[in-house]
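**Student:** Next input, structure requested:
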Amino acid sequence: MQKCIVGKKIGMTQLFDEKGKVIPVTVVEAGPCVVTQKKTTENDGYEAVQIGFGDATEKSLNKPLKGHFKKADLPLKRHLREFRLDDCSTLNVGDIIKPDVFEVGDVVDVCGTSKGKGYAGTIKRYNGQVQKKTHGGGPVHRHAGSMGACSTPSRVMKGKKLPGHMGVERVTIQNLNVVKIDAEHNLIALKGAIPGPKGGIVYITDGVKNA
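**Tutor:** Below is the predicted model of the structure:
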């Protein structure tokens, strides 16, 4: 991994290529981000850079974070994210990262937080199979069915795919193509859909195309 940036999901739209073919894209407001900390093998045991995105106010941050930015003599940022890069020598504290770090045609991975979908059953939550609805299916055609515990151990084993809260989890979508970059307005258009609601924070890194 050599490139990284933090952004905010704006929404989806469509673009047209040279042949007039429609390309569905997700628009991300990526950056500008600032390098807030640089970790080294000598001091921390590994190499990484921490970058900040989104302006913050004094009231919205606690004292440790305020001291963190004051020590680096940097403006306050709302979102911080650490990336382990293959080579951190090209980045230093205070450097600005903009969308033009990527190029059209690059393959990237996007990490975000999925939408909350509330309480869901096993059919929706785990893509389970629905029972037959004819001749006696009754009110249980969407139930989970037998758990197979019997009298021993007389309980439902942990890890069973049961109803429960669905969504609000970290999701990574790999191998998305960069379709367009608007460096002037800090926008990146990625082919396809990415996780998270409108306005959600996402992390973009350069990926490797699967063979």
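**Student:** Pull stretch 91-111 out as CSV, backbone CA atoms only.
**Tutor:** In CSV, the C-alpha atoms belonging to stretch 91-111 read as follows (Å, rounded to 0.1, in the frame of the first residue of the first chain):
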residue,chain,number,x,y,z
LEU,A,91,5.4,11.7,3.9
ASN,A,92,6.2,14.0,6.8
VAL,A,93,4.1,15.7,9.5
GLY,A,94,2.2,18.7,8.0
ASP,A,95,2.1,17.3,4.4
ILE,A,96,-1.2,17.7,2.6
ILE,A,97,-2.8,14.8,0.8
LYS,A,98,-5.2,15.6,-1.9
PRO,A,99,-7.3,13.4,-4.4
ASP,A,100,-4.7,13.9,-7.1
VAL,A,101,-2.5,11.4,-5.3
PHE,A,102,-4.6,8.9,-7.2
GLU,A,103,-5.0,8.7,-11.0
VAL,A,104,-7.9,7.7,-13.3
GLY,A,105,-7.8,4.0,-13.8
ASP,A,106,-6.2,3.2,-10.4
VAL,A,107,-7.7,0.2,-8.5
VAL,A,108,-8.5,1.0,-4.9
ASP,A,109,-10.0,-0.5,-1.8
VAL,A,110,-12.6,1.4,0.2
CYS,A,111,-13.4,0.8,3.8
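**Student:** what distance separates that stretch from the centre of its chain?
**Tutor:** 15 Å (C-alpha atoms, centre = their mean, to the nearest Å).
**Student:** what does stretch 128-143 give?
**Tutor:** The answer for stretch 128-143 is 36 Å, by C-alpha atoms, centre = their mean.
**Student:** Contacts made by that stretch with the rest, please.
**Tutor:** For stretch 128-143, contacts defined as C-beta atoms under 8 Å, 6 or more residues apart in numbering pick out 121-123, 144-145, 161. The C-beta positions use only the backbone N, C-alpha and C, and glycine is treated the same way.
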